[in-house]
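*Asks:* A structural model of the following input is requested.
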Amino acid sequence: MKSGKVLLGVLSGIAVGALIGILFAPDKGSRTRRRIITKGDDYADALKDKFDEFVDKVGDKFEKAKDEAGDMFTKNKANNAETKNAAH
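*Replies:* Residues are numbered from 1 along each chain as shown. Presented below is the predicted three-dimensional model:
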């Protein structure tokens, strides 16, 4: 989670910097508003992509852990059956 917080902080800093740069640029108000909206959309898309990547990684790790737990359960069940058969 620490890298997620760092990424969010970096993206927020970039967005704030871009917004300040646009607001202080000597352009017409309508053009400035259009640029703010465009940049905001770009940053929202980038953030969504990063979030989707994060969710995919977490999902992959969960599936791997689930598969390993299932394999471990199956091996333990087989070992218990062998132990039970050896005891008889």
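*Asks:* in this structure, which spans are helices?
*Replies:* Here the chain has its helices, by DSSP state H, at 2-23, 29-87.
*Asks:* flag the helix or strand of this protein with the lowest per-element mean pLDDT.
*Replies:* One helix or strand of the chain scores below all others by mean pLDDT, DSSP states H and E: helix 2-23, with a mean of 80.
*Asks:* least reliable of the helices of the chain going by mean pLDDT?
*Replies:* Mean pLDDT values for the helices of the chain show the minimum at helix 2-23, a mean of 80.
*Asks:* tell me the angle that one makes with helix 29-87.
*Replies:* Here helix 2-23 points in a direction 170 degrees away from that of helix 29-87 (axes from the mean of the first three to the mean of the last three CA atoms, to 10 degrees).
*Asks:* chain center to helix 2-23, what's the gap?
*Replies:* 16 Å (CA atoms, centre = their mean, to the nearest Å).
*Asks:* for it, give me every contacting residue.
*Replies:* Residues outside helix 2-23 that contact it (CB atoms under 8 Å, 6 or more residues apart in numbering): 32, 35-36, 39-40, 43, 46-47, 50, 54. Every residue, glycine included, has its C-beta placed from N, CA and C.
*Asks:* what do you get if the cut-off is 10 Å, keeping everything else the same?
*Replies:* Outside helix 2-23, the residues within contact range by CB atoms under 10 Å, 6 or more residues apart in numbering are 31-36, 38-40, 42-44, 46-47, 50-51, 53-54.
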